[in-house]
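In: need a 3D model of the following:
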Amino acid sequence: MTIFEQIKSLAKSRNITMKDLALKLGFSENLFYTWKKTNPKASDLEKVADYFHVSVDYLLGRDDKEPELPNLSVEQILDSVENYSGGELSESDREMLRIIIEAKKAAVEKESKSKG
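Out: Residues are numbered from 1 along each chain as shown. The predicted model follows:
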């Protein structure tokens, strides 16, 4: 699998378009498509790897191990949101996000149990 295909697969699994991913990472919206014919810069690959919590080796196809999503607590997720946004969340926003995250986690666990 090419680097482009690897990133496209990861993006699809996280329900994000390639364009949105590029913009979130501060890239031009078509950068990934140029990687079909050219080699990306190491710093750009590191940004993508960090975003998906995978190794650069995984993106390069050297490591076939499926990426594992980090098992974060609700508080860790909220702290990450604050770090991402660059500022503190208000208590009401924090509580609203806590409710949403806990509801989503419960739904995923329920779905996982029904499949397993």
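In: residue nearest the centroid of the chain?
Out: F52 (3.8 Å; CA atoms, centre = their mean).
In: that one and L10: what is the separation?
Out: Per CB to CB, to the nearest Å, F52 is found 5 Å from L10. All C-beta spots, glycine's among them, are computed from the backbone N, C-alpha and C.
In: before we move on, what about E46?
Out: 14 Å.
In: neighbour count: these two, which is higher?
Out: L10 (20 against 14; other CB atoms under 10 Å).
In: have a look at this protein and report its longest helix.
Out: helix 91-115 (DSSP state H).
In: what helices or strands is that one leaning on?
Out: helix 74-85 (3 or more CB pairs under 8 Å, 6 or more residues apart in numbering; DSSP states H and E).
In: starting at the chain centroid, how far to the helix it packs on?
Out: Centre-to-centre, helix 74-85 and its host chain are 14 Å apart (CA atoms, centre = their mean, to the nearest Å).
In: in what helix or strand does the closest residue to M18 other than its chain neighbours lie?
Out: Nearest residue to M18 in three dimensions, chain neighbours excluded: F32, at 5.1 Å (CB to CB, 6 or more residues apart in numbering). With elements taken from DSSP states H and E, the one containing F32 is helix 31-34.
In: can you tell me what sits against that helix?
Out: For helix 31-34, the external contacting residues (CB atoms under 8 Å, 6 or more residues apart in numbering) are F4, I7, K8, M18, L21, A22, P40, D44.
In: give me the buried positions along that helix.
Out: L31, F32 (16 or more other CB atoms under 10 Å).
In: now the helix or strand that that helix is followed by: buried residues?
Out: Downstream of helix 31-34, the first helix or strand assigned by DSSP H and E is helix 42-52. Residues of helix 42-52 classed as buried by neighbour count (16+ other CB under 10 Å): D44, L45, K47, V48, A49, Y51, F52.
In: so how far is the helix holding F32 from its chain's centroid?
Out: 18 Å.
In: can I get the CA coordinates of that helix in CSV?
Out: Coordinates of each C-alpha in helix 31-34 appear next as CSV, following Å, rounded to 0.1, in the frame of the first residue of the first chain:
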residue,chain,number,x,y,z
LEU,A,31,-1.0,18.0,-0.7
PHE,A,32,-1.8,14.4,-0.1
TYR,A,33,-2.6,13.9,-3.8
THR,A,34,0.8,15.1,-4.7
